[in-house]
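Participant: quick check, what structure comes out for this input:
(2 chains)
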Amino acid sequence: MEAFGYLFQGLQTALNPEYLLYLFIGSVVGTVIGVLPGVGPAAGTALLLPLTFNLPALPSIIMLAAIYYGAMYGGTITSVLLNVPGEAASVVTCIEGHPMARNGRAGPALSIAAIGSFIGGTIAVFCLVLIALPLSRVALSFGPPELFSLMVFGLSMVIGLAGKSIGKALLIAFFGLAIAVVGQDPILANQRFSFGRLELMGGVDLIAVIMGMFGISDLLTNIEKPAGRALAKIKSMMPTREDWRRSIGAILRGTGVGVVLGTIPGMGTVVPTFMAYTLEQKVNPKPKEGWGNGVIEGIASPETANNAYSNSALIPLFTLGIPGSPTVAILMAGFMIHGLTPGPNLFFEAPDFVWTVIGSLYLGNIVLLILNLPLIPMWVQVLRVPQKILFPVIFVFIILGTYSLNMRTWDIGVALVFGIIGYILTKFDFPLAPLALTLVLGPMMEANLARALMMSRGDPMIFLTKPISLGFLVLAVLFLVISWRLARKSELAIIRQDTQ
Amino acid sequence: MAGAFLLLGLFMVSQAPGYRLMSSNAGAGPGLLPMLAGLGIIASSLSIIFVSSKDEPIALAPDIIPDRDGALRVAGVLFAYAAVIVFIQSLGYCLTIFAFLMATMWILGRRDLPLMLAVSLLFSFGVYWVFTKQLMVILPQGMLGF
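Facilitator: As a prediction, this is how the structure comes out:
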């Protein structure tokens, strides 16, 4: 009950007209980002991060969080109407959403997705309220060895779930770590890999790297393909009584999947949506339309899971300081830019701040529902902007965003270099998500590694003698081994298919 | 790809001891994490090379190399972006971005000049005004002062 008292206070503060304005702006801008094909939520949030530099911390984080979940929802519209997933989590929505749109039922598909997202998001915020405080108290007892091992566990989840090849995901994670160690080390402030260049002494700018890796590389991949897309029409927005009857159970199941998976550090956005979709296939193996032909449960459940996950993924961020996806990692970078370190201390050092942000999450779900039910035709107009105009304009915003990070041309170049690297890596099927996480977590991992070794006078066994730390490390290894075996199995199956 | 990463890993491992792996007062030295990252890159690159040489390789995606038009579009846009880096300080934000937008829209196949001009003016001079006058963000002015 203590937590609900805090939430009530947070809601009261979040209802301040100024904060509501930032919340609204964030939701609108986030939805636009999600709607636009070629800009994923990670790149979009990174792109808009510099806009918050001149704002105080609270409105900045309220706006960034709104951009984050707005972008997560916006991808649905593109998936249903264009059959183009704005981001990986929306791939599942294309499977059933676009066939529904082709059958003239885009409106009910989008309405059910919006309502499901609202229900899932709202329940996830309540779970955040219930879990956050007790979990923070537990996390406060963690010392540097436990925190280091927890980060390793979080990374192992991202690596294990990142793609078909664990080797490639591991390689990218270590590559991110290699970028993170450029510049001053966090303990002794010694220079590393800066080659005497002033620009590298403060490290490689995280946001410039992410804008390149996730923004420029996505744009290049889209530019490579010939332009042209068929936009499905919306006839009516109202779901039928039958749609409601079939969707309610799916929405509740999707909420459960999203909330539970969101609390696991490093889960990523793809697994909850796929798991929710698979669960629906198990619950109803033979729907009358046939799977893949526009089954409404196949939209209701994954979309609900996606939004429930987006809100619930803030639990590990707020309580443990571990981001679960690249977009949450950028949100975390936003916290750090404003001098706040997400983690258990935040609840006790800045309770007003953190509870107002949580209150704003609840209000954000309401704003998103309003934006996404009656204003769908407006988002459709955004989709009508030709790519030949849209992509150059997005490039301009990347240039503006990277330049305004430190007011130097160097960062525009950093984004270009990492854009090319990201483009090539994507071609060779390397997952990029682990890189964003190691980039953000790298300095914290290093600081905790150093502190733990300082405690043990250089003995690395400290990570194995502390039970909680050992537990996290065992879980990390187990998870990687299981993921590797599963990935290997599916790889061998592909080889066998190819040979046959 | 794995070979290029292997070289990076070897470079990091060779440099890390120079930064000190352990320090007397701080436990881990500044070179410890670079060493671990380098070793990780080497191990995972070698595992990729080993697995791909042992198994029958999975065919690369057919769209790994874009068609000629696609490659030209990508190269053209990259060239224009690189030109922005070279000229933005000397020519200023407005002129450089105006030229960038005209060039990239043309590269991507847009040919209606009035619309191209309108978009380019809006996102060069218009955005410059918003950023410098409203958001108080300083953008490169160049020799002409804008």
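Participant: got a pLDDT number for the residue of chain A found nearest chain B?
Facilitator: Nearest to chain B in chain A, going by C-beta to the nearest C-beta, is residue A:453, at a distance of 3.0 Å. No exception for glycine: its C-beta is placed from N, CA and C like everyone else's. On pLDDT, residue A:453 comes in at 87.
Participant: what's around it, how many residues?
Facilitator: Applying other C-beta atoms under 10 Å in any protein chain shown, we find 24 residues neighbouring residue A:453.
Participant: any idea which element it lies in?
Facilitator: Per DSSP states H and E, residue A:453 falls inside helix A:433-455.
Participant: what is the least confident helix or strand in chain B?
Facilitator: strand B:27-28 (a mean of 74; mean pLDDT, DSSP states H and E).
Participant: what angle separates the next helix or strand after that one from helix A:433-455?
Facilitator: Heading C-terminal from strand B:27-28, the first helix or strand you meet, by DSSP H and E, is helix B:32-54. Between helix B:32-54 and helix A:433-455, the angle formed by their directions is 140 degrees, by axes from the mean of the first three to the mean of the last three C-alpha atoms, to 10 degrees.
Participant: how far off centre is helix B:32-54?
Facilitator: Centroid separation for helix B:32-54 versus its chain: 24 Å, with C-alpha atoms, centre = their mean, to the nearest Å.
Participant: please apply the same query to stretch A:94-101.
Facilitator: That offset, for stretch A:94-101, works out to 23 Å (C-alpha atoms, centre = their mean).
Participant: restrict it to CA atoms and write it as CSV.
Facilitator: Output of stretch A:94-101 as CSV, limited to C-alpha atoms (Å, rounded to 0.1, in the frame of the first residue of the first chain):
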residue,chain,number,x,y,z
CYS,A,94,2.6,-8.4,-39.8
ILE,A,95,1.7,-12.1,-39.9
GLU,A,96,-2.0,-11.6,-38.9
GLY,A,97,-2.3,-7.8,-39.1
HIS,A,98,-1.6,-7.3,-42.7
PRO,A,99,-3.9,-10.1,-43.9
MET,A,100,-6.7,-8.5,-41.8
ALA,A,101,-5.9,-5.2,-43.5
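Participant: residue ranges with poor pLDDT in the stretch 351-500 of chain A?
Facilitator: A:490-500 (pLDDT under 70).
Participant: and the helices in it?
Facilitator: Along the stretch 351-500 of chain A, counting by DSSP state H, counting those that start in this stretch, helices occupy A:351-372, A:376-383, A:387-406, A:409-427, A:433-455, A:462-465, A:467-499.
Participant: put together JSON lines for those, with distance to residue B:76 on each row.
Facilitator: Listed next are the helices of the stretch 351-500 of chain A as JSON lines, based on distance: least, C-beta to C-beta, whole Å:
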{"stretch": "helix A:351-372", "distance to residue B:76": "36"}
{"stretch": "helix A:376-383", "distance to residue B:76": "25"}
{"stretch": "helix A:387-406", "distance to residue B:76": "11"}
{"stretch": "helix A:409-427", "distance to residue B:76": "14"}
{"stretch": "helix A:433-455", "distance to residue B:76": "27"}
{"stretch": "helix A:462-465", "distance to residue B:76": "51"}
{"stretch": "helix A:467-499", "distance to residue B:76": "35"}
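Participant: could you check the pLDDT of the most centrally placed residue in chain A?
Facilitator: Compute the mean C-alpha point of chain A, and by C-alpha atoms, centre = their mean the closest residue is residue A:327, 3.6 Å away. For residue A:327, the model assigns a pLDDT of 82.
Participant: give the contact list for the residue nearest to the residue of chain A closest to chain B when sequence neighbours are not counted.
Facilitator: Nearest non-adjacent residue to residue A:453, counting by C-beta to C-beta, 6 or more residues apart in numbering or on different chains: residue B:27, 3.0 Å away. Contacts of residue B:27 were listed using C-beta atoms under 8 Å, 6 or more residues apart in numbering or on different chains, and they are A:449, A:450, A:451, A:452, A:453, A:454, A:455, A:456, A:457, A:458.
Participant: of those, buried ones?
Facilitator: A:449, A:450, A:451, A:452, A:453, A:454, A:456, A:458 (16 or more other C-beta atoms under 10 Å in any protein chain shown).
Participant: just the strands from chain B, written as ranges.
Facilitator: With DSSP state E, the ranges of strands along chain B come out as B:22-23, B:27-28.
Participant: out of those, which is the most enclosed?
Facilitator: strand B:27-28 (a mean of 25; mean count of other C-beta atoms under 10 Å in any protein chain shown).
Participant: before we move on, back to that, the residue of chain A closest to chain B reaches residue A:447, doesn't it?
Facilitator: No - look at residue A:453 against residue A:447 with C-beta atoms under 8 Å: they stay out of range, at 11.1 Å.
Participant: neighbouring strands of the least confident helix or strand of chain B in the sheet, and parallel or not?
Facilitator: strand B:22-23 (antiparallel) (DSSP bridges).
Participant: ok, residue B:35 - how many residues close by?
Facilitator: Around residue B:35 there are 20 residues (other C-beta under 10 Å).
Participant: please name the residues that touch it.
Facilitator: Contacts of residue B:35 (C-beta under 8 Å, 6+ apart): B:12, B:13, B:16, B:17, B:21.
Participant: and the least confident of these?
Facilitator: Among these, pLDDT bottoms out at residue B:21, giving 81.
Participant: need the contact list for that residue.
Facilitator: B:28, B:29, B:31, B:32, B:35.
Participant: again, but for residue A:291
Facilitator: A:95, A:96, A:281, A:298.
Participant: which of the helices or strands spans the nearest residue to the second one once chain neighbours are set aside?
Facilitator: Read it as residue A:96. Distances taken as C-beta to C-beta, 6+ apart put residue A:298 closest to residue A:96, at 3.4 Å, once the chain neighbours are dropped. Taking DSSP H and E as the definition, one finds residue A:298 inside helix A:297-312.
Participant: so residue B:88 makes contact with residue B:96?
Facilitator: Yes - at 4.6 Å, residue B:88 counts as touching residue B:96 under the criterion of C-beta under 8 Å.
Participant: in the longest helix anywhere in chain A, what counts as buried?
Facilitator: Longest helix of chain A, by residue count under DSSP state H: helix A:106-140. By 16+ other C-beta under 10 Å, the buried positions in helix A:106-140 come out as A:106-129, A:131-133, A:135-136, A:139.
Participant: buried residues in stretch A:45-60?
Facilitator: A:45, A:46, A:47, A:48, A:49, A:50, A:51, A:52, A:57, A:58, A:59, A:60.
Participant: those: which two are farthest apart?
Facilitator: Greatest spacing in the buried residues of stretch A:45-60, by C-beta to C-beta: A:47 and A:58 (21.3 Å).
Participant: on that earlier part again, what would the contacts of residue B:35 look like in JSON lines with distance to residue A:356?
Facilitator: Below are those laid out as JSON lines (distance: C-beta to C-beta, whole Å):
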{"residue": "B:12", "distance to residue A:356": "43"}
{"residue": "B:13", "distance to residue A:356": "47"}
{"residue": "B:16", "distance to residue A:356": "43"}
{"residue": "B:17", "distance to residue A:356": "48"}
{"residue": "B:21", "distance to residue A:356": "44"}
